[in-house]
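Trainee: Based on what follows, work out the 3D shape:
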Amino acid sequence: MESYLRRLLGAVKVYEKDDLVHIEGISTAPIINAFYNIWKTSKLVIIFLLIPIISSLSFNKFFVPDLVYSFSVMAEQKPRGVNVRVIQKTIELLKQNTWFIASTEPTLAILDRDKLKKFYV
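Mentor: Next up, the predicted model:
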């Protein structure tokens, strides 16, 4: 019921629990149709989405980068029936609230070039 109200208000919630990522407040039927219309296959939905319900999705956290890419393509192509603002918000939340945030954080350099000066003669 809560996810249905979120969908009506346009409020999306993304959280990670155990090995699954849950998205609540998103209309799934147009997204499933967009998967089929863009990639001309229903295998992606079968592989990615474990539990598609009317107002929420659940999938294995391994597929977060794939779904971020898929949702990005959907946001660019703007298929009929898909709310692009909700898709863009979902992409942002997937990047912030899942393990995928580690891929966007800056990392330290593996090689410290200042230490190489010791080897010059």
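
Trainee: Please, where are all the helices along the chain?
Mentor: With helices called from DSSP state H, the chain shows them at 2-9, 28-39, 43-48, 64-77, 84-97.

Trainee: Can you give me every residue that contacts the residue nearest to F100 when sequence neighbours are not counted?
Mentor: Distances taken as CB to CB, 6 or more residues apart in numbering put V64 closest to F100, at 4.8 Å, once the chain neighbours are dropped. Heads up, the C-betas are built off the backbone N, CA and C, glycines and all. Listed by CB atoms under 8 Å, 6 or more residues apart in numbering, the contact partners of V64 are 21, 94, 98-100.

Trainee: For ChimeraX, write a command that selects the buried ones of those.
Mentor: Buried subset of the contacts of V64, written as a ChimeraX selection, criterion 16 or more other CB atoms under 10 Å:
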select :21,94,98,100
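
Trainee: Just the ones in strands from the contacts of V64, please.
Mentor: Secondary structure from DSSP state E places V21 of those in strands.

Trainee: If I look at R6, what pLDDT would I see?
Mentor: For R6, the pLDDT comes out at 55.

Trainee: Tabulate the helices of the chain in TSV, adding columns for distance to K118.
Mentor: Shown next, in TSV, are the helices of the chain (distance: least, CB to CB, whole Å):
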stretch	distance to K118
helix 2-9	58
helix 28-39	53
helix 43-48	50
helix 64-77	39
helix 84-97	40
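
Trainee: Nearest to I54, out of those helices?
Mentor: Evaluated with CB to CB, the helices of the chain place helix 28-39 nearest to I54, the distance being 6.3 Å.

Trainee: Mind listing residues that contact the closest one?
Mentor: Applying CB under 8 Å, 6+ apart, the contact partners of helix 28-39 are 41-42, 44-45, 49, 52-57, 70, 73-74, 77, 79-83, 87.
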